[in-house]
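Trainee: I'll drop the sequence and a predicted model, then ask my questions.
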Amino acid sequence: MKNKLADVFGHFKCEGTFEEGAPFGSGHIHDTYRVTTTEADKPNYILQRINTNIFRDVEELQNNIFLVTSHIRKKLDAIPGSDPDRETLTIIPAKDGKLYYQDEEGSYWRVYLFIERHKSYDRVETPEQAYQGGRAIGRFERLIAGLDPTGIYEVLPGFHDMEVRLDNFYSVLEKDPVNRAAGVTEDIQFVLDRAEEMKTIKALGKAGKIPLRITHNDTKFNNVLLDENDKSLCVIDLDTVMPGYIHYDFGDAIRTTANSSFEDETDLSKVFVRLDLYEAFARGFMEEVRDELNDTEIDYLPFSARMLTFIIGLRFITDYLDGDNYFKIHHPNHNIDRARTQFKLVSSMEEHREEMERIIDQLR
Ligand code: ADP
Ligand code: GN1
Ligand code: MG
């Protein structure tokens, strides 16, 4: 593997000598490696083998990320004291000038500058971390707001479209290709009981009550990096930047930030919504974006936390029923464990619905 990674690395316009490449992070989609270079004064890098089962058009994918990061970098350059190399992703092109490299076996690779001195959390521990995450996501929304949407290719159409996700679920359930449905009837019922209510955001969009924006669409907390002092630093994982509603970003961030435990916690008694973390994230987020949002958008922020937790749970159970073809798993029940954690969190949010609404009202 070392030789393979070193060889791939050699095709990019990187500085320094390849020292080591090691698996890095806990993303569910790509194969991610941290590449360290021998020279102390040369940068380190992130090398990723792109998951082309999911991202079929790498040219368009990379082009999107280039547009987004160039736009953000231009804005950061105008802010005195900013550190663009750590506050946004930096794509390192291949030696032929392309934004990716395709190897002899057909795999696609890309390289980013490694963002040094960052901290990343799969579970948030303190309200201060949550607050900083809220600021990071809110700031990101403002930074990308001026991006020309016509330049952005819709990489994964229907990504947070509830009807599309439910249709996928129903069709996998009907086929039941690996005979898993009988073992998860309660979880299936959980989905069916909430399917209608969960279509609300799209309906508001159709009715013109909430505007389509450019959103990140994958704002789980480990896609936000904090700096060495736990202050907001950078939003990464820009694969899914596409037109969307603000609720997608707020909701998915709350799904992970305000979860008392890990995304795949199997002891469900440990899984509930932490209102202190919810309040802190929402406060940081609202400080950045309050003035941009209309009343209806704000009204539905609490609901969006339930909706995004539900839709990711729905995708986990769908993948489980389908035989685990989408998300990386580390054991056979991983996807159903993840789904159950999401559904437990949805239930907890249902129980705390009024408090969640009150907290947002206080931040208007
Ligand atoms: P996935 O889509 O599989 O989640 P990500 O692009 O989020 O892939 O990368 C996986 C992990 O690698 C991130 O959660 C983060 O820990 C780390 N990572 C990604 N890009 C960088 C970077 N430029 N600098 C430092 N760490 C990074
Ligand atoms: C994936 O790429 P990663 O691991 O940050 C997924 C998200 C899910 C998330 C669940 C492109 O995010 O949509 O919410 O897993 N990304 C894609 O943890 O499907
Ligand atoms: Mg990620």
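Mentor: Looks like it came in fine. Ligands and ions are numbered 1, 2, ... in the order given.

Trainee: roughly how far apart are the residue of the chain found nearest ligand 1 and residue 91?
Mentor: As assessed by C-beta to the nearest ligand atom, ligand 1 sits closest to residue 27 within the chain, at 2.1 Å. Every C-beta, even on glycine, is put in place using the N, C-alpha and C of the backbone. For residue 27, the distance to residue 91 equals 17 Å [C-beta to C-beta, to the nearest Å].

Trainee: count of neighbours near the nearest residue to the residue of the chain closest to ligand 1 once chain neighbours are set aside?
Mentor: If the residues on either side of it in the chain are set aside, residue 27 comes closest to residue 237, at 7.0 Å by C-beta to C-beta, 6 or more residues apart in numbering. Using other C-beta atoms under 10 Å, residue 237 has 21 other residues around it.

Trainee: please apply the same query to the one 4 residues further on.
Mentor: Applying other C-beta under 10 Å, we find 24 other residues in the vicinity of residue 241.

Trainee: next one: phi and psi at it?
Mentor: Main-chain torsions, residue 241, degrees, to the nearest 10: phi -60, psi 120.

Trainee: and it, what does it touch?
Mentor: Neighbour list for residue 241: 64-65, 68, 144, 152, 214-217 [criterion: C-beta atoms under 8 Å, 6 or more residues apart in numbering].

Trainee: do the same with residue 93
Mentor: Applying C-beta under 8 Å, 6+ apart, the residues contacting residue 93 are 12-13, 99.

Trainee: what do you get if the cut-off is 7 Å, keeping everything else the same?
Mentor: For residue 93, the contacting residues are 13, 99, by C-beta atoms under 7 Å, 6 or more residues apart in numbering.

Trainee: quick one: low-confidence parts of the stretch 251-364 of the chain?
Mentor: Applying pLDDT under 70 to the stretch 251-364 of the chain flags no residue at all.

Trainee: nope, the stretch 51-200 of the chain is what I meant
Mentor: Answering for the stretch 51-200 of the chain: no residues sit below the bar, that is pLDDT under 70.

Trainee: got the residues of the chain near ligand 2?
Mentor: For the chain, the contact set with ligand 2 under C-beta under 6 Å from any ligand atom comprises 27-29, 54, 218, 220, 223, 237, 239-240, 252, 263, 312.

Trainee: and if we set it to 8 Å?
Mentor: For the chain, the contact set with ligand 2 under C-beta under 8 Å from any ligand atom comprises 26-30, 54-55, 156, 159, 217-218, 220, 222-223, 237, 239-240, 252, 255-256, 263, 308, 312, 315-316, 326-328, 338.

Trainee: wait, isn't the residue nearest to residue 27 in contact with residue 222?
Mentor: No: applying C-beta atoms under 7 Å as the test, residue 237 and residue 222 come out as separate, 8.5 Å apart.

Trainee: which residues are in contact with residue 94?
Mentor: Counting by C-beta under 7 Å, 6+ apart, residue 94 has contacts 11-12, 100-101.

Trainee: excluding chain neighbours, what is closest to residue 20?
Mentor: In space, and not counting its chain neighbours, residue 20 is closest to residue 36: 5.0 Å by C-beta to C-beta, 6+ apart.

Trainee: likewise for residue 266?
Mentor: Leaving aside its chain neighbours, residue 266 sits nearest to residue 337 (5.3 Å; criterion: C-beta to C-beta, 6+ apart).

Trainee: does the one you found sit in a helix, a strand or a coil?
Mentor: Three-state call for residue 337 (DSSP: H, G, I helix; E, B strand; the rest coil): helix.

Trainee: would you confirm that it contacts residue 264?
Mentor: Yes: between residue 337 and residue 264 there is a contact under C-beta under 7 Å: 5.0 Å.

Trainee: what's next to stretch 13-24, contact-wise?
Mentor: The contact list for stretch 13-24, computed with C-beta under 7 Å, 6+ apart, reads 2, 5-6, 9, 32-39, 42-43, 45-47, 92-93, 95, 111.

Trainee: which ChimeraX command selects the buried ones in those?
Mentor: Entered in ChimeraX, the line below selects the buried ones among those, by 16 or more other C-beta atoms under 10 Å:
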select :5,9,32,33,35,36,37,43,45,46,47,92,93,111
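
Trainee: narrow the contacts of stretch 13-24 to those in helices?
Mentor: Secondary structure from DSSP state H places 2, 5-6, 9 of these in helices.

Trainee: any chance of those residues in a markdown table with pLDDT and distance to residue 85 as columns?
Mentor: Shown next, in a markdown table, are the ones in helices among the contacts of stretch 13-24 (pLDDT from 0 to 100; distance: C-beta to C-beta, whole Å):
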| residue | pLDDT | distance to residue 85 |
| --- | --- | --- |
| 2 | 74 | 26 |
| 5 | 98 | 22 |
| 6 | 98 | 24 |
| 9 | 98 | 19 |
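
Trainee: just put the residues you listed in JSON lines and tack on distance to residue 280.
Mentor: Shown next, in JSON lines, are the ones in helices among the contacts of stretch 13-24 (distance: C-beta to C-beta, whole Å):
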{"residue": "2", "distance to residue 280": "42"}
{"residue": "5", "distance to residue 280": "39"}
{"residue": "6", "distance to residue 280": "43"}
{"residue": "9", "distance to residue 280": "39"}
